[in-house]
Structure formats: C-alpha cells, structure tokens
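A.B. asks: Just need the structure, nothing else, for what follows:
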Amino acid sequence: MQDDSMVVLAEYNTITEAEIAKSMLDSAGIWSTIRNEYMSAIYPIGTMPAQVVVRTEDLEKARTLLQHR
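C.D. replies: Below is the predicted model of the structure:
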C-alpha cells in the first residue's frame with residue numbers, strides 16, 4: 001500500500017487507545033494501521049503519538065464511526 005493513498009485519521013497518546021480505534025475500524029471492514037506504534041510506547045505520553053491511518057477513500061466513513069464511539 002502506498003503512503004500517498006493513506007491519511008491520518010486520529011492521533012492517540014497511548015497505544016491502547018489507538019488499538020481500540022483500529023479494532024473498531026477493523027470490525028466495520030475499514031482497513032487501517034497504526035504508525036509510530038512502538039515509538040509511542042517507548043517515549044513519554046505526547047512525545048510521539050500513535051497515529052491511526054486509513055485509505056483516503058475510507059476517511060469520512062472512519063471519522064463517522066469513531067465519532068459515535
């Protein structure tokens with residue numbers, strides 16, 4: 001998957017929050033991944049947030065899904 005077709009949906013201070021969001025997206029059939037997964041676990045909160053990224057075409061659907069959680 002090329003990076004130019006991926007956009008950041010949300011940033012989280014903990015990997016647990018990012019994993020919950022990714023799980024919700026997966027359950028809805030929206031492909032996603034977490035950037036900075038390991039770095040956000042190593043560095044203090046807020047230094048390097050975990051980013052949940054989705055395909056550009058799924059962005060609006062994914063935003064709507066996470067807003068209703």
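
A.B. asks: which residues touch Val54?
C.D. replies: Met6, Val7, Leu9, Leu25, Ile30, Trp31, Ser32, Ala62 (C-beta atoms under 8 Å, 6 or more residues apart in numbering). Every C-beta, even on glycine, is put in place using the N, C-alpha and C of the backbone.

A.B. asks: and it, backbone torsions?
C.D. replies: The phi/psi pair for Val54 (degrees, to the nearest 10) reads phi -130, psi 170.

A.B. asks: related to what we said a few turns ago, mind putting the contacts of Val54 in a markdown table, pLDDT included?
C.D. replies: Putting those into a markdown table (pLDDT from 0 to 100) gives the following:
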| residue | pLDDT |
| --- | --- |
| Met6 | 94 |
| Val7 | 97 |
| Leu9 | 97 |
| Leu25 | 98 |
| Ile30 | 97 |
| Trp31 | 96 |
| Ser32 | 97 |
| Ala62 | 97 |
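
A.B. asks: Mark which of the residues you listed are part of strands, please.
C.D. replies: Met6, Val7, Leu9, Ser32 (DSSP state E).

A.B. asks: Output those in a markdown table; the columns should cover distance to Ile20 and neighbour count.
C.D. replies: Below are the ones in strands among the contacts of Val54 laid out as a markdown table (distance: C-beta to C-beta, whole Å; neighbours: other C-beta atoms under 10 Å):
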| residue | distance to Ile20 | neighbour count |
| --- | --- | --- |
| Met6 | 20 | 19 |
| Val7 | 19 | 15 |
| Leu9 | 13 | 21 |
| Ser32 | 12 | 21 |
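
A.B. asks: wait, which of those is closest to His68?
C.D. replies: Leu9 (14.1 Å; C-beta to C-beta).

A.B. asks: Looking at the contacts of Val54, which is nearest Ile15?
C.D. replies: Once C-beta to C-beta is applied, the member of the contacts of Val54 that ends up nearest Ile15 is Ser32, at 13.9 Å.

A.B. asks: Go ahead and confirm that closest one touches Ala10.
C.D. replies: No - applying C-beta atoms under 8 Å as the test, Ser32 and Ala10 come out as separate, 9.8 Å apart.

A.B. asks: Name the residues contacting each of the two.
C.D. replies: Ala21, Val52.

A.B. asks: I'm done for today, thanks for sticking with me.
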